[in-house]
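Student: Structure for the following, please:
(chains A and B)
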Amino acid sequence: MEKEKFYITTPIYYASGDLHLGHCCTSVYADALARWNKMLGKDVFFLTGSDEHGQKVAEKAEKAGLSPKQYCDELVKKFYKLWEMLNVKYDKYIRTTDEDHVATVQKIFKKLYDQGDIYLSSYEGLYCTPCESFWTESQLVDGKCPDCGREVKKAKEEAYFFRLSKYGDKVKEYILSHPDFIKMESTKNEMISFIDQGLNDLCVSRTSVKWGVPVPFDTKHTVYVWIDALPNYISALGYLSSDESKFKKYWPADVHLMAKEIARFHIIIWPAILMALGLPLPKTIHAHGWLTQSGVKMGKSLGNGFNPYVLCERYGVDAVRYFLLKNGPILGDAPYDNETFLKTINTDLVNDLANLLSRTSAMLVQNFDGVLPKLSANVQEVDANLVNETVEMKENVEKLMQKLETNNALSAIFKVVRLANKYIEDTAPWKEKENKERLGDILHNLYFVLHSVAVALLAFIPETAQKILEALDNKDCLLETISKEYNNKLCGNKTQKTALYQRLDIEKEIKYLEVDSVRETEQKKEEKSNHKPDITFDDFEKLEIMVGKILTAEKVENADKLLKFSVKLGKETRTIVSGVAMHYEAEYMVGKEVLVVTNLAPRKIRGIESQGMILYAYTDGDKEFCFVSPEKEISDGAFVG
RNA sequence: CGCGGGGUGGAGCAGCUGGCAGCUCGUUGGGCUCAUAACCCAAAGGUCACGAGGUUCGAAUCCCGUCCCCGCAACCA
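Tutor: This is a model prediction of the structure:
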């Protein structure tokens, strides 16, 4: 009989910078699910990889003085290293620069074009010639290119489009008729309402981006991310290649795992592409939440991602894996902070698990020279309860893993660890030194629990689980061993006294980690402190800055951030709109003296003409923010220079 | 009326296909000595945002209204 298959994927991470703890969360999560399903005897295929095309990668490479491919090659080495470090054991690592992937993408593109699902049209927007970039109205700064500050002009670019609009209803219908398709109810609602807003056809090629897969029949275009990155899930299996055996075996995917910000692409665009190709859709898409710090998403763009390399090196892989699988954002968002991380490790892994092994192994060594005695026939109620709970644990974990809930599965396992610690209190083995049979039974049952727990943990924290099995001198690692029958026949293994983890000095470690993150943010600051280019005195002279007195202030309707001021500047009074509603109450501003740039070209904001700009002082991300006032009261209309 | 998520003991969360309010940490008191100052027990602590609102024999859980937080969108000279 053929084995049941299980195909699980992570997203292919974008190769434009280092990975952070959030990426680790997805990958470790996927790894645990893959390992678990292997233990269930399934034929598992676990795919991960990297997305290496696009403008951003090309730019990064240029800055580093490398070709895009060289740049990716270097960066991807770090990715490999991270997954190796975290014991993420994938079956295939796909890179979008792989030749066979490129070939598949081109075939897909052609196929969709030939059948009319991709068509040539034009993309209209505002174009900056030197930067070779299109911008939308709202991206412009001062009506000019946000990158270089130069004029943009309306331009049309020839581009290929995918008929997404044609598939919206079908995708929606599919979502509604397949309750397991999207794990998270909230995500499901969001996606449906997104579809209901109406879908536009999707631009799937660029002529302005050179670093990408060339459109096979029109090579001045490159394939844009949708048709390049998303099909990795099937190109990795050899779809449309000379050998489709893997594709036939593993597709459709059982689980696509990802963080929620890319849910939309996987739930709407990807299924539409698959439908166009006439392929079955993945069974489950699970878009998990984010690790957050004080409510903010943790990521490289914010410069506050905690360094997974540091955490692994100092506390061990399994500490990180355990934390991510237990406290990570398996469903909604989850807060991360160093203290919670350290406490979780100390409490669960050290105090509960490692200590259980320590005390059990110590007693076995002291009283039986480590050799596990046979179970007697005198089973007491406490014994039976403990064994039953352990066997039940296996069933619970199986159910929870079926639902992809590693956090609850781990809770179920550690519940048994606690029960075992309690069992020791209840049976007080140290009082049974004279009664070898009873003492033997107690330790035997504890041994069984430890063994069962270790087996159950193999998917989650494999290194630790393996160490426990070694300490127990036991090589059986099948889930079937978590049973009464197995317990009954256990005996003879020679346990060694083992300390799995050292207790962490939390205060000391917090300091260590803080120092580390301070170091990191300082580096980031330095990188960011690029000053603007020098200007001449003449340039400066062009500015007219005056002291103004705020006469009235009110909130602008339908805009969260805007306040509308009337500002007295000597004889004249002007209307100025400013984006500070998040920082100041309107009433508070009335009567204040502020500095105003008075010769800035007027601009309409939300229908109101703003005739100048009020100056503010602020730090990165507006963490500190204030307006600038003269040191003492001075007549409004006074010049600043 | 833009879209969406959320408001549960000091902290972080679960419960939300309705039936005595639960978990981890923290706090207080006690126990044990096999174990890594670990482990075990007990206690305190919540009118489950608000509405003397609706449905129901019964609501944290379903419906309605209000307030507040957080994302996205809009907007930021």
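
Student: Show me the strands in the stretch 501-641 of chain A, by range?
Tutor: With DSSP state E, counting those that start in this stretch, the ranges of strands along the stretch 501-641 of chain A come out as A:545-555, A:563-569, A:572-578, A:593-597, A:603-605, A:608-610, A:613-614, A:616-618, A:625-627, A:639-640.

Student: So is the second one next to RNA strand B?
Tutor: Okay, so that is strand A:563-569. No: using C-beta under 7 Å from any atom of the strand, no contact is recorded between strand A:563-569 and RNA strand B, whose separation bottoms out at 8.6 Å. Any C-beta I mention is one placed from the backbone N, CA and C, and that applies to glycine too.

Student: got the angle between that strand and strand A:545-555?
Tutor: With axes from the mean of the first three to the mean of the last three C-alpha atoms, to 10 degrees as the criterion, the two stretches strand A:563-569 and strand A:545-555 enclose an angle of 140 degrees.

Student: Show me what strand A:563-569 packs onto, helices and strands only.
Tutor: Using 3 or more C-beta pairs under 8 Å, 6 or more residues apart in numbering; DSSP states H and E as the contact criterion, the secondary-structure elements in contact with strand A:563-569 are strand A:545-555, strand A:572-578, helix A:586-589, strand A:593-597.

Student: can I get the strands of the stretch 501-641 of chain A in CSV with mean pLDDT?
Tutor: Formatted as CSV, the entries for these read as follows, by pLDDT from 0 to 100:
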stretch, mean pLDDT
strand A:545-555, 89
strand A:563-569, 90
strand A:572-578, 90
strand A:593-597, 92
strand A:603-605, 78
strand A:608-610, 83
strand A:613-614, 90
strand A:616-618, 80
strand A:625-627, 81
strand A:639-640, 88
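
Student: Quick one: closest of those to A:I482.
Tutor: Taking C-beta to C-beta as the measure, the strands of the stretch 501-641 of chain A were each checked against A:I482, and strand A:625-627 came out nearest at 57.7 Å.

Student: Report pLDDT for whichever residue of chain A sits closest to RNA strand B.
Tutor: Scanning chain A for proximity to RNA strand B using C-beta to the nearest atom of the strand identifies A:G579 as nearest, at 2.0 Å. In this model, A:G579 is scored at 84, pLDDT.

Student: And for A:S294?
Tutor: In the predicted model, A:S294 carries a pLDDT score of 56.

Student: again with A:G54
Tutor: pLDDT, A:G54: 88.

Student: CSV please, covering the strands of the stretch 501-641 of chain A and showing mean neighbour count.
Tutor: As requested, those are exported to CSV (neighbours: other C-beta atoms under 10 Å):
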stretch, mean neighbour count
strand A:545-555, 19
strand A:563-569, 21
strand A:572-578, 19
strand A:593-597, 21
strand A:603-605, 13
strand A:608-610, 16
strand A:613-614, 20
strand A:616-618, 13
strand A:625-627, 15
strand A:639-640, 13
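
Student: Would you double-check that A:Y119 falls in a strand?
Tutor: Yes: membership of A:Y119 in a strand is supported by DSSP: H, G, I helix; E, B strand; the rest coil.

Student: show me what contacts it?
Tutor: Contact criterion C-beta atoms under 8 Å, 6 or more residues apart in numbering gives A:Y113, A:Y160, A:F161, A:R163 as the residues in contact with A:Y119.

Student: Mind giving me the PyMOL select for those, buried ones only?
Tutor: To isolate the buried members of the contacts of A:Y119 in PyMOL, using 16 or more other C-beta atoms under 10 Å:
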select buried, chain A and resi 113+160+161+163
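
Student: got JSON lines for the contacts of A:Y119, with distance to A:L410, pLDDT and secondary structure too?
Tutor: Formatted as JSON lines, these follow (distance: C-beta to C-beta, whole Å; pLDDT from 0 to 100; DSSP: H, G, I helix; E, B strand; the rest coil):
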{"residue": "A:Y113", "distance to A:L410": "48", "pLDDT": "97", "secondary structure": "helix"}
{"residue": "A:Y160", "distance to A:L410": "47", "pLDDT": "92", "secondary structure": "strand"}
{"residue": "A:F161", "distance to A:L410": "46", "pLDDT": "90", "secondary structure": "strand"}
{"residue": "A:R163", "distance to A:L410": "45", "pLDDT": "91", "secondary structure": "coil"}
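
Student: average pLDDT across stretch A:434-453?
Tutor: 96.

Student: Skipping adjacent residues, who's closest to the residue of chain A closest to RNA strand B in space?
Tutor: Of all residues beyond its chain neighbours, the one nearest A:G579 is A:K561 (4.4 Å), with distances taken as C-beta to C-beta, 6 or more residues apart in numbering.

Student: per-residue pLDDT, that neighbour?
Tutor: In this prediction A:K561 is given a pLDDT of 81.

Student: quick one: A:T575 and A:F565 touch, right?
Tutor: Yes: with contacts counted by C-beta atoms under 8 Å, A:T575 reaches A:F565, the gap being 7.2 Å.

Student: all helices of the stretch 301-450 of chain A, in order?
Tutor: Applying DSSP state H, counting those that start in this stretch to the stretch 301-450 of chain A gives helices spanning A:308-315, A:317-327, A:338-344, A:355-368, A:381-402, A:406-427, A:436-457.

Student: Measure how far the second one is from the centre of its chain, please.
Tutor: Relative to its chain's centre, helix A:317-327 lies at 14 Å (C-alpha atoms, centre = their mean, to the nearest Å).

Student: who touches that helix?
Tutor: Contacts made with helix A:317-327 from outside it, assessed by C-beta under 8 Å, 6+ apart, are listed as A:21, A:24-25, A:28-29, A:32, A:85-87, A:308, A:311-312, A:334, A:336, A:340-341, A:344-345, A:348-349, A:406-407, A:410-411, A:460-464, A:501.

Student: Narrow those residues to just the buried residues.
Tutor: With neighbours counted by 16+ other C-beta under 10 Å, those contain buried members at A:21, A:24-25, A:28-29, A:32, A:86-87, A:308, A:311-312, A:334, A:336, A:341, A:345, A:348-349, A:406-407, A:410, A:460-462, A:464, A:501.

Student: From these, list the ones also adjacent to RNA strand B.
Tutor: Answer for these near RNA strand B (C-beta under 7 Å from any atom of the strand): A:A334, A:Y501.

Student: check contacts around A:V596.
Tutor: A:V596 touches A:I545, A:M546, A:V547, A:G548, A:V567, A:L569, A:R574, A:I576, A:G612, A:M613, A:I614, A:L615, counting by C-beta under 8 Å, 6+ apart.

Student: Quick check, the second one in contact with A:G570.
Tutor: Yes: using C-beta under 8 Å, A:M546 is in contact with A:G570, at 7.4 Å.

Student: any common contacting residues for the two?
Tutor: Counting by C-beta under 8 Å, 6+ apart, the common neighbours of A:M546 and A:G570 are A:D636, A:G637.

Student: tell me which element the residue sitting nearest the centre point of chain A falls in.
Tutor: Nearest to the geometric centre of chain A sits A:G22, at 3.6 Å (C-alpha atoms, centre = their mean). Remark: A:G22 resides in helix A:21-39, with elements defined by DSSP states H and E.

Student: Same question for A:I8.
Tutor: strand A:5-14.
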